[in-house]
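Colleague: Curious how this folds, go ahead:
(chains A and B)
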Amino acid sequence: MRDTFVDTTTALLADDPRTALVLADISAALFAPAAARHPDRVLNVGIREQLMVGVAGGLALTGLRPIVHTYAPFLVERAYEQLKLDLDHQDARAVLVSVGASYDRAAAGRTHLSPADVSLIDTLHGWTVHVPGHPGEVAPLLRTAVAADTSAYLRLSVLSNERPLGGEGALQVVRDAGPGAPLVVAVGPTLDAATAALADLPVTVAYTNRPRPFDTAGLRDRAGTDVILVEPYLAGTSSRVVSAALADRPHRLLAIGVGREELRRYGSADDHTHWHGLDASGLRRSVLDFVSPALR
Amino acid sequence: MGFKLQASRMTATTTTATIAAAAAPIDGRQPVAPLLERIRAGREFGTNVYSTINVLQVLYHRVLRVDPTAVDDPDRDRFLLSKGHAVAGYYAVLAAAEFFPADWLDDQGGPASRLGDHPDRMLVPGVEIGSGSLGHGLGLGVGTALGLRAQGRLEPRVYVLLGDAELDEGSNHEAITYAGTTGLANLTAIVIDNASATHGWPGGPAARFTVDGWTATTVDGTDHDALHTALTGHDGNRPHVVVAVVDPKED
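Modeller: Numbers count the residues shown, from 1 in each chain, chains lettered A, B, ... in the order given. Model (predicted):
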């Protein structure tokens, strides 16, 4: 996904003189050709994340469209007040693109894990959040985000589904179990595990790579009584949105995602997927417990 | 005149000069002092209000190329008030320059007012950034200067006003070093130095800038001619800082 991001951003910088890129050393080498061609619009401020976001705010105030990129914890958590004040409060808009996701760099430990990033972005107003599930989804999502005039967060990961899906944010039904069936909404790279886990169960599986704004109309069309969210970041991040969308209906909601507890374990991203119950066996267990314990 | 200048321990001579200057019209329009009194509305102002107003007057009267009838002109100079609590003088100067009607000054901070205790660029014409939380203006100023340069707008200059205590915030030092080492020439920082930083700046605030390649001038923050010389003293190749020394903040 990062390679696609680099290629697409390099092309956007060449095509649109409004586009600018702000870096804090991460991925700077990958952008060296773009920096050589556009030295005034490819700005590496060094390891200075507060300045990175402040600069993006200033660029936007002069009419440019900044893309801001580093590891998720440094982009969203370290400089959170800059997101709140230097972007939102100024009505300055930017496109934030992170790598690292919840636990891509599992062996690096807690400092490089960022399961709470989407929750933090969700405290801000009017942001679009894109969580591509495949490298092939990155370019269109990035182009859409840059062409829009709102702020956006694009969350890249080394985890991926087998095939890219489109959808432009609308819930896409991948597997239809008919009216009233439990609805599983899988976000981004969780889809393949969800479909594998639930292949023989009477549940509808839908996909989105744009959890904000959440497709609440599609949710209301498809949801019966039981709704299951599967998100690759902090469990429950979208519960608020789903609950509000279904507030006028009796419903039950299970929110699966990355746990809050710090595991203090290294290993691989796949290990963490397993430990957080986001692999096929974990998802199957959780869904069965929720939908029909008797089936277990 | 009603200015509480005694509170800032200025000498009688300075007080007289400052009142005269404060009362002088900007651009032949309204004098600032009555507008400041109108905002004050009987309240006590902190000394920071008076320590900042001289710089603001020199900027808006003699330095900034800004026009209240064209607040979105892309080639205007930008003034970013980073120490957003120094807002009363800012509002008075903006009203004097007719960026907004003077009657906005009444009921400042009230439920229907557009003028808060910290300024909001979305509510007040002429205000370039919303500020209040310290340490945000210089980063935004660096980005603004970079954005102007990237668009070939080489005439406008970006001025950011900070306080010496505000320099405690580490975000400033990210901006100072980056702007200095990359030679961001269209940026001027102004530090109002009322010796209020809890642990001080041994050697003076200017040293924090010059070590990274900025030019610097330290002047009497009440001397309008000295301020004007300093505020126009950039060399065109590097960022410039003006340290405006005023009476120490009272506890």
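Colleague: where does the stretch 151-251 of chain B dip in pLDDT?
Modeller: Within the stretch 151-251 of chain B, the ranges that satisfy pLDDT under 70 run B:251.
Colleague: how about the residues of it near chain A?
Modeller: B:151, B:153, B:170, B:171, B:174, B:175, B:177, B:178 (C-beta under 8 Å from any C-beta of the partner chain). Placement of C-beta: from N, CA and C, glycine included.
Colleague: try 7 Å
Modeller: B:151, B:171, B:174, B:175, B:178 (C-beta under 7 Å from any C-beta of the partner chain).
Colleague: mind checking the SS state of the third one?
Modeller: Spelled out, that is residue B:174. When classified by DSSP: H, G, I helix; E, B strand; the rest coil, residue B:174 comes out as helix.
Colleague: which parts of stretch A:271-285 are buried?
Modeller: A:271-280, A:282-284 (16 or more other C-beta atoms under 10 Å in any protein chain shown).
Colleague: Please list which of those residues also come close to chain B.
Modeller: Okay, of the buried residues of stretch A:271-285, nothing touches chain B (C-beta under 7 Å from any C-beta).
Colleague: In the stretch 101-250 of chain A, what residue lies closest to chain B?
Modeller: Relative to chain B, the nearest point of the stretch 101-250 of chain A is residue A:125 (12.9 Å; C-beta to the nearest C-beta).
Colleague: For that residue, give me its contacts.
Modeller: residue A:88 (C-beta atoms under 7 Å, 6 or more residues apart in numbering or on different chains).
Colleague: And it, which helix or strand is it part of?
Modeller: According to DSSP states H and E, residue A:125 maps onto no helix or strand at all.
Colleague: for the one 4 residues further on, same thing?
Modeller: Here residue A:129, judged by DSSP H and E, is contained in strand A:128-130.
Colleague: just checking, next helix/strand downstream of that strand?
Modeller: Sequence order places helix A:135-147 as the next helix or strand after strand A:128-130, per DSSP H and E.
Colleague: partners of the following helix or strand past that following helix, with directions?
Modeller: Downstream of helix A:135-147, the next assigned helix or strand under DSSP H and E is strand A:152-155. Partners of strand A:152-155 in the sheet, by DSSP bridges, are strand A:95-99 (parallel), strand A:128-130 (parallel).
Colleague: Mean neighbour count added to those, as TSV?
Modeller: Shown next, in TSV, are those (neighbours: other C-beta atoms under 10 Å in any protein chain shown):
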stretch	mean neighbour count
strand A:95-99	26
strand A:128-130	24
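Colleague: any chance of the ones you listed in TSV, plus mean pLDDT?
Modeller: Output for these, formatted as TSV (pLDDT from 0 to 100):
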stretch	mean pLDDT
strand A:95-99	98
strand A:128-130	98
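Colleague: Format the ones you listed as CSV; extra columns: distance to residue A:149.
Modeller: What follows is the strands paired with strand A:152-155, written out as CSV (distance: least, C-beta to C-beta, whole Å):
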stretch, distance to residue A:149
strand A:95-99, 10
strand A:128-130, 11
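Colleague: quick revisit: farthest-apart pair in the residues of the stretch 151-251 of chain B next to chain A, please.
Modeller: B:151 and B:171 (24.9 Å; C-beta to C-beta).
Colleague: Same drill for the two, tell me which one is more crowded.
Modeller: Counted by other C-beta atoms under 10 Å in any protein chain shown, residue B:151 and residue B:171 do not tie: residue B:171 has more neighbours, with 25 against 19.
Colleague: residues contacting that one?
Modeller: For residue B:171, the contact set (C-beta under 7 Å, 6+ apart) comprises A:50, A:51, A:54, B:135, B:136, B:139.
Colleague: Pull out the buried residues from these.
Modeller: A:50, A:51, A:54, B:135, B:136, B:139.
Colleague: Next step: those restricted to helices.
Modeller: Cross-referencing the buried ones among the contacts of residue B:171 against helices under DSSP state H gives A:50, A:51, A:54, B:139.
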